[in-house]
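Novice: no letters, just coordinates:
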C-alpha cells in the first residue's frame, strides 16, 4: 500500500527493470545477484553444508569476521529467522559472534571472554584480506586459535571466504590449507548473502539454507514474471516517485525487534548503491515503537524532506495477553484481554495516520506473518522437545482434540482417531485472501499462493518432525467444502469412531 499524492512513473520503472534484467546498464558485471538463486555453484553449496555440520559438531562458538556486506546480511537473516537473542537461547548449534566490523578493543575482548574456554572456530570473510577492521580481528582470533589448539589444530578450525584466485587472504588460505569458499567476482559484497559469505554462518545456526534458496528462487521468479506489478518494483517506484518530489530521506520503520538488522543491512544496500554523483535517497531506520519516544517528534514536525516505509507483520508467532489489574493505577485496564500483537498493530496504524497527516508520505509493506520464522523456531530441537512432552502430558490427563502438522506422526502416534485435514494450495490461498480482505489488509492471490507453497515445502523438508500423512490417518480433503460442510464431515468421522 502506498500513501502519497504523486504517482510513480511506470514507464521509467519498466525501462530500469529491463536494463537490470538484460544486463545492459553501467556496472552490469556486478549484477550476478539477479540470477544467483538459480545460478550458483552446487558443489560449493554442498561443501558449505558439510562445513556447517562440522562446525556444529566440534564448536560451541563461531566467530564470523567481516565488515559491511561480509556480515550484515548474515546477521540480518540470523536475527530475523532465529532471534536477536540467538546466543542466549538454549540450542544445539554454536553461538555466533560477529567481529571485525569495527576497531574496538573492548568489543574484541568481550567476544574472547564470552567464548571462554569453549571450543570455537573462525570464519574470516574478505575479498582481499587487507581491509583494516577484519584483518586486525583475524590476527587476534587466529592467534587465540593457535594458542588453544596449536598451529596445525588451528588450521582445521579456520574457514576462509575470499577471492577465488588472488589477494592476501587467498594466498594465506592456500598456503595454510584452510577450508576455502569463494566470493563470486560478479556479486558485490552487499549483495552476497546467498553466497558462502552469508550461507556458512546462516547454516551453522541451523537455518535450512536449501529452503532459503528455494524462497529466493520463488521471489525471483515472481518478480521476473510480474515485472512492474511485482512487490519489488512497486516499492522501487514508490520511493523514486517520492524522491522526485523532494523526499530525499527515507526512514525504514519496523515494529519487530527481530527486524533491526534487516534495517541495518537495508541501509548499506541502498546507501552504497544509490549514494553517487551527488544523488540518492539517504537511508535511515527507526525501531518502533521505542523510537517514537526519541525520533517521533522530528518525524512528526521536523523538516518535510522525509518519506517513510513501514514494514509490518500481521500475525505474531506468539500470543501474549494483557492481564487485568484490580487497582488499575496505570489506567490501562481498557487493554485487558487484548493481545499485544493487536495493540502493536493499533500503534502502527495510529502512527502512520499521524505521520501522513503531518506531511510524511508512507509506503506500507505488509506481510501476513513471519511464516518461515515460525517454521524454523518450531523445528529447533529444544523447542520441539519441550512442546512434545507438554502436548503428550495434556493427552495423558484428559480427552483432547489436538491440531498440528505432526500430531498424528510424532506427537500422538497412538491416537484413537487421526484425521489428515487438507485442501489444495489454491483453495487455501483463496481462503487466506478472503480472510485478509475482511481484515482490511488485502493481498494478491498469486503472492499468497507462493507463500503457502514455500511454507509447505519447508515443513515437508525440515529435518525434525517434517509434515507427512500418517499411514493410518483418515484423509479429509475440504477443497470443495465450505466451513459448515467441513465441520459436519469432521463430526461424522468422530461419531463413527465413537460407536
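Specialist: Looks like it came in fine. Everything numeric in this text was worked out from a predicted model, so none of it was measured.
Novice: mind checking how far the nearest residue to residue 66 once chain neighbours are set aside is from residue 201?
Specialist: Spatial nearest neighbour of residue 66, excluding adjacent residues (CB to CB, 6 or more residues apart in numbering): residue 125 at 3.6 Å. Placement of C-beta: from N, CA and C, glycine included. Here residue 125 is placed at a distance of 9 Å from residue 201 (CB to CB, to the nearest Å).
Novice: run through who's touching the longest helix seen in the chain.
Specialist: Ranked by residue count under DSSP state H, the longest helix found in the chain is helix 132-155. With contacts defined as CB atoms under 8 Å, 6 or more residues apart in numbering, helix 132-155 is touched by 63, 65-67, 70, 99-103, 108, 112, 120-122, 124-126, 129, 157-158, 168, 176-178.
Novice: so what strands line up beside whichever helix or strand comes after it?
Specialist: Counting by DSSP states H and E, the next helix or strand C-terminal to helix 132-155 is strand 158-162. Strand pairing for strand 158-162, determined by DSSP bridges: strand 120-125 (parallel), strand 179-182 (parallel).
Novice: now the helix or strand just after the last one, how far from the centre of its chain.
Specialist: In the C-terminal direction, the helix or strand that comes right after strand 179-182 (DSSP H and E) is helix 196-204. When C-alpha coordinates are averaged (CA atoms, centre = their mean, to the nearest Å), helix 196-204 and its chain have centres 13 Å apart.
Novice: which of the strands paired with strand 158-162 is buried the deepest?
Specialist: Comparing these by mean neighbour count (mean count of other CB atoms under 10 Å), strand 120-125 ranks first with a mean of 27.
Novice: for the closest residue to residue 78 other than its chain neighbours, what are phi and psi?
Specialist: Closest residue in space to residue 78, ignoring its immediate chain neighbours: residue 205 at 5.2 Å, by CB to CB, 6+ apart. Dihedral angles of residue 205 (phi, psi; degrees, to the nearest 10) stand at phi -80, psi 0.
Novice: in the chain, where's the longest strand?
Specialist: strand 306-315 (DSSP state E).
Novice: just checking, what packs against that one?
Specialist: Under the contact criterion of 3 or more CB pairs under 8 Å, 6 or more residues apart in numbering; DSSP states H and E, strand 306-315 touches helix 231-244, strand 249-254, helix 340-357, strand 362-369.
Novice: which other residues reach the longest one?
Specialist: Translated: helix 340-357. Identification of contacts with helix 340-357 by CB under 8 Å, 6+ apart yields 3, 255, 288-289, 292, 296, 299-300, 308, 310, 312, 314-316, 319-322, 335, 362, 364.
Novice: and the buried ones among these, selectable in PyMOL?
Specialist: Per 16 or more other CB atoms under 10 Å, the buried members of these correspond to this PyMOL selection:
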select buried, resi 3+255+288+292+296+299+300+308+310+312+314+316+322+335+362+364
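Novice: can you give me the strands in the chain?
Specialist: In the chain, the segments counted as strands under DSSP E are 2-3, 61-65, 95-99, 120-125, 158-162, 179-182, 249-254, 282-287, 306-315, 362-369, 419-422, 474-477.
Novice: residues in contact with the nearest residue to residue 300 once chain neighbours are set aside?
Specialist: Closest residue in space to residue 300, ignoring its immediate chain neighbours: residue 358 at 4.8 Å, by CB to CB, 6+ apart. Shown in contact with residue 358 (CB under 8 Å, 6+ apart): 299, 300, 301.
Novice: helices - which of these land there?
Specialist: 299, 300, 301.
Novice: and the nearest residue to residue 14 once chain neighbours are set aside, what does it touch?
Specialist: Distances taken as CB to CB, 6+ apart place residue 228 nearest to residue 14, at 5.3 Å, with adjacent residues excluded. By CB under 8 Å, 6+ apart, the contact set of residue 228 is 10, 13, 14, 17, 234, 237.
Novice: go on, residue 74?
Specialist: Neighbour list for residue 74: 64, 98, 193, 197, 198, 201, 202 [criterion: CB under 8 Å, 6+ apart].
Novice: give me the number of residues near residue 27?
Specialist: For residue 27, the number of neighbouring residues by other CB atoms under 10 Å comes to 9.
Novice: ok, the residue nearest to residue 12 when sequence neighbours are not counted to residue 353 distance?
Specialist: In space, residue 12 comes closest to residue 240 once its chain neighbours are excluded; the distance is 7.7 Å by CB to CB, 6+ apart. Distance of residue 240 to residue 353, given as CB to CB: 24 Å.
Novice: same thing with residue 334?
Specialist: Distance, residue 334 to residue 353, by CB to CB: 20 Å.
Novice: look at the two and report which has more neighbours.
Specialist: Neighbour count, other CB under 10 Å: between residue 334 and residue 353, residue 353 has more, with 12 against 9.
Novice: against residue 347, how distant is the more buried one?
Specialist: 11 Å.
Novice: what's the answer for residue 451, then?
Specialist: For residue 451, the distance to residue 347 - CB to CB - is 25 Å.
Novice: cool, and residue 18?
Specialist: 40 Å.
Novice: now swap in residue 169 and tell me
Specialist: From residue 169 across to residue 347, the span is 46 Å (CB to CB).
Novice: more crowded one of the two?
Specialist: Just comparing residue 169 and residue 347: by other CB under 10 Å the higher neighbour count belongs to residue 169, 26 against 14.
Novice: residue contacts, the nearest residue in space to residue 261 that is not next to it in sequence?
Specialist: With CB to CB, 6+ apart as the criterion, residue 261 has its nearest non-adjacent residue at 4.2 Å, and that residue is residue 76. Taking CB under 8 Å, 6+ apart, we find residue 76 in contact with 193, 261, 262, 264, 265.
Novice: ok, and the most crowded of those residues?
Specialist: residue 193 (27 neighbours).
Novice: what does the pLDDT read for the closest residue to that one other than its chain neighbours?
Specialist: Sequence neighbours aside, residue 73 is the residue nearest to residue 193 in space, at 3.1 Å (criterion: CB to CB, 6+ apart). As predicted, residue 73 sits at a pLDDT of 95.
Novice: relative to residue 199, how far out is residue 73?
Specialist: Distance from residue 73 to residue 199, by CB to CB: 10 Å.
Novice: anything in contact with each of the two?
Specialist: Residues touching both residue 73 and residue 199 by CB under 8 Å, 6+ apart: residue 193.
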